[in-house]
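Peer 1: what's the 3D shape of this:
(2 chains)
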2 protein chains.
Amino acid sequence: MNIVITGGAGFLGARLARTLLRAGTFALAGAPTCPIRQIVLMDQVAPPADLTADVRVATVVGDLVEQLAQPEVRAWGEADAIFHLAAAVSGECEQDFDLGMRSNFAATHALLERVRASETRPVLVFSSSLAVFGHSPEQPLPTMIDDTTTPTPQTSYGIQKYIGEQLVADYTRKGFVRGRSVRVMTVSVRPGKPNGAASGFFSGMIREPLAGISAACPVPDETPVAIASPSRTIEGILQAALASDSDWGPRTALNLPSLATTVGEMAVALGRIAGSAATDLLDRTPDAAIRRIVKTWPGRFKTTRANALGLRADESFDAVIRDYILENPDAVKLQVST
Amino acid sequence: MNIVITGGAGFLGARLARTLLRAGTFALAGAPTCPIRQIVLMDQVAPPADLTADVRVATVVGDLVEQLAQPEVRAWGEADAIFHLAAAVSGECEQDFDLGMRSNFAATHALLERVRASETRPVLVFSSSLAVFGHSPEQPLPTMIDDTTTPTPQTSYGIQKYIGEQLVADYTRKGFVRGRSVRVMTVSVRPGKPNGAASGFFSGMIREPLAGISAACPVPDETPVAIASPSRTIEGILQAALASDSDWGPRTALNLPSLATTVGEMAVALGRIAGSAATDLLDRTPDAAIRRIVKTWPGRFKTTRANALGLRADESFDAVIRDYILENPDAVKLQVST
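Peer 2: Residues are numbered from 1 along each chain as shown, chains lettered A, B, ... in the order given. Have a look, this model is predicted:
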């Protein structure tokens, strides 16, 4: 089995690749289990060294739209599954409209056209986002988002992701691809460096204090957030490729499960685990630009369809922090109670 | 005031132009009434002679995407209002995927980019369609569609229109244009020649028998349909340009009012007005391709938001037929009771 991961050098892409390589086999869309022969990681930068060291890993480095325009990029034609995770993130897309339209809108369309031209009809998992849902005074959202809530995105990133879902749905209906779109929740705790996502502080406010570094926490305590740990997020993305067509069901995107919490509760959980030495490192200076984006996102989801696929939310944010500490021992400098 | 109409040689575009030219003035988006100085009709073919005879009418004939790529098409920069009606229709888009992606998806994006580059922020009315709503076994629609029902298009045309709505919403949110999207219902009775729309027979089954010609009526009697006459449709499109920003409200597309009827009821109304001489001309041979598209569309709408803007549905299908007869006396060959 050959697998392509766009955004394959990013945090989720690399973690997905490691999970697949460790398993060594994959049962695609209800089919029998097969060994994984090759994983092609496409990204603007090279993937981490542990991945490139694996003989099953191939890399394609460069701009995705440009790569797809080159006839020599033939990996698509042989792929059984494509995980399309590459994207410009919410904060960047709000600041640079053209960047988002190219990286999210044009690249997703170009990828689908390339897959269509290959006539191999691979399974394609598209990572959409909870950002397709947006509150605004003129377009209030229900308190609880469910599988039938109409997305009314309030950011360019959310619009671009929602358009991607529509394209995946129609290319699937037409039989060009077997597409499944999943709406990824706010992932926390992401390890490593901050990125340009408006949601980045939801990880930074835990990760940096644990490393003994001060961190921005620029929105009010009561700000709701729908969190999923990296493990739960990868589980959701994988399940989208594993499910049979009949288990997967309609072509609309799947809301992944999430833990409903608030920024204030997250800070309290940090304090329970790492004490005031950690919470004293939180810089509560407001950031209006981040607040403007984050406050449009919903915090509570009822995910009946995802639960029927066996997917579950994290049990508590304390458990999410403890998982991060276990997985990233070198990044934790404070004394913690686990 | 300068106005651009894409699809300006089509039935709705030409009728909209005539309505505007007859009025001579327009009160754009709640602003004071101004004389109409110029209407640019863009289409792949030349508009009807009565329109080109008007000194206020300019025409641009050719492919919309190609025209928009030419720097000399500067009409956009001067337009106060753009009515974007140009589209490939549902039946064509289902048969020719690339045609729909170019005419509906790429052209709408190119138009919005041209408007953005002009930095003039015109009012832009985008004609979307009830085809954004689609029934399927996996994605059943509610019996009554309302202003909050989630579109789940079941045709490429519906997907392309829904993506257009999303683009118009975000270009509006970003301040590049003042966009308003209206979802046009099934227009009947259209005069003139059949087009490639799967919904074309909803007009043909009235128009052709009145002219003494047999007509296809290829779906069962009980098929529901949400009808609007040409007059009501043009009213809805105009109201989208007339309404002030606050009256218009959210950036989501507006479902225009419609008369809920069925194919059987339409045939009965034809019989009441033109007798069995007309209904005997209905050819009830089923057409599976048309049935497959039409059966995905909903027939009943509750249009609270449109009604608050003063828009109303047609009172009865008998009245719709009588309006057609009054407006197109030369096209009616049978004896009718009006």
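Peer 1: which residues of the stretch 201-338 of chain A lie near chain B?
Peer 2: Contact residues (Cβ under 8 Å from any Cβ of the partner chain) of the stretch 201-338 of chain A with chain B: A:249-252. To be clear about C-beta, it is placed using only N, CA and C from the backbone, and glycine gets the same treatment.
Peer 1: which one of those sits in the busiest neighbourhood?
Peer 2: A:R251 (22 neighbours; other Cβ atoms under 10 Å in any protein chain shown).
Peer 1: sticking with that residue, tell me its helix or strand.
Peer 2: For A:R251, there is no helix or strand it lies in under DSSP states H and E.
Peer 1: A helix includes A:M266, no?
Peer 2: Yes: A:M266: assigned to a helix according to DSSP: H, G, I helix; E, B strand; the rest coil.
Peer 1: the closest residue to it other than its chain neighbours: how many residues sit nearby?
Peer 2: Of all residues not flanking A:M266 in the chain, A:F317 sits nearest, at 5.6 Å (Cβ to Cβ, 6 or more residues apart in numbering or on different chains). Using other Cβ under 10 Å, A:F317 is surrounded by 25 other residues.
Peer 1: ok, A:F317 to A:P220 distance?
Peer 2: Here the criterion is Cβ to Cβ, to the nearest Å. By it, A:F317 lies 17 Å from A:P220.
Peer 1: and for A:T148?
Peer 2: 30 Å.
Peer 1: could you do A:T108 as well?
Peer 2: In terms of Cβ to Cβ, A:T108 sits 34 Å off from A:P220.
Peer 1: more crowded one of those two?
Peer 2: Neighbour count, other Cβ under 10 Å: between A:T108 and A:P220, A:T108 has more, with 25 against 13.
Peer 1: that one touches A:L85, doesn't it?
Peer 2: No: using Cβ atoms under 8 Å as the test, A:T108 is too far from A:L85 to be in contact (11.1 Å).
Peer 1: which strand or helix spans A:I3?
Peer 2: Assigned by DSSP H and E, A:I3 falls in strand A:2-6.
Peer 1: tell me which residues of the following helix or strand past that strand come out buried.
Peer 2: Downstream of strand A:2-6, the next assigned helix or strand under DSSP H and E is helix A:11-23. By neighbour count on 16 or more other Cβ atoms under 10 Å in any protein chain shown, the buried set for helix A:11-23 is A:11-18, A:20-21.
Peer 1: could you dump those to JSON lines with pLDDT and distance to A:F201?
Peer 2: Compiled in JSON lines, the buried residues of helix A:11-23 are given as follows (pLDDT from 0 to 100; distance: Cβ to Cβ, whole Å):
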{"residue": "A:F11", "pLDDT": "94", "distance to A:F201": "15"}
{"residue": "A:L12", "pLDDT": "96", "distance to A:F201": "18"}
{"residue": "A:G13", "pLDDT": "97", "distance to A:F201": "22"}
{"residue": "A:A14", "pLDDT": "97", "distance to A:F201": "22"}
{"residue": "A:R15", "pLDDT": "97", "distance to A:F201": "20"}
{"residue": "A:L16", "pLDDT": "98", "distance to A:F201": "24"}
{"residue": "A:A17", "pLDDT": "98", "distance to A:F201": "26"}
{"residue": "A:R18", "pLDDT": "98", "distance to A:F201": "26"}
{"residue": "A:L20", "pLDDT": "98", "distance to A:F201": "30"}
{"residue": "A:L21", "pLDDT": "98", "distance to A:F201": "31"}
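Peer 1: go through these and name the one nearest chain B.
Peer 2: Of all the buried residues of helix A:11-23, A:L12 has the smallest distance to chain B: 24.4 Å, by Cβ to the nearest Cβ.
Peer 1: residues in contact with that closest one?
Peer 2: A:85, A:127, A:184, A:187, A:230, A:233-234, A:237 (Cβ atoms under 8 Å, 6 or more residues apart in numbering or on different chains).
Peer 1: so which of those sit within helices?
Peer 2: A:230, A:233-234, A:237 (DSSP state H).
Peer 1: considering those residues, which possesses the most neighbours?
Peer 2: Highest count within those by other Cβ under 10 Å belongs to A:T233, 27 neighbours.
Peer 1: how far away is that one from B:P191?
Peer 2: 56 Å.
Peer 1: what of A:D314?
Peer 2: Counting by Cβ to Cβ, the gap from A:D314 to B:P191 is 61 Å.
Peer 1: kindly report the same for A:A243.
Peer 2: 50 Å.
Peer 1: check A:D96 too.
Peer 2: Taking Cβ to Cβ, one finds A:D96 at 48 Å from B:P191.
Peer 1: same question for A:A198.
Peer 2: A:A198 is 52 Å from B:P191, by Cβ to Cβ.
Peer 1: which of the two has more neighbours?
Peer 2: A:A198 (27 against 14).
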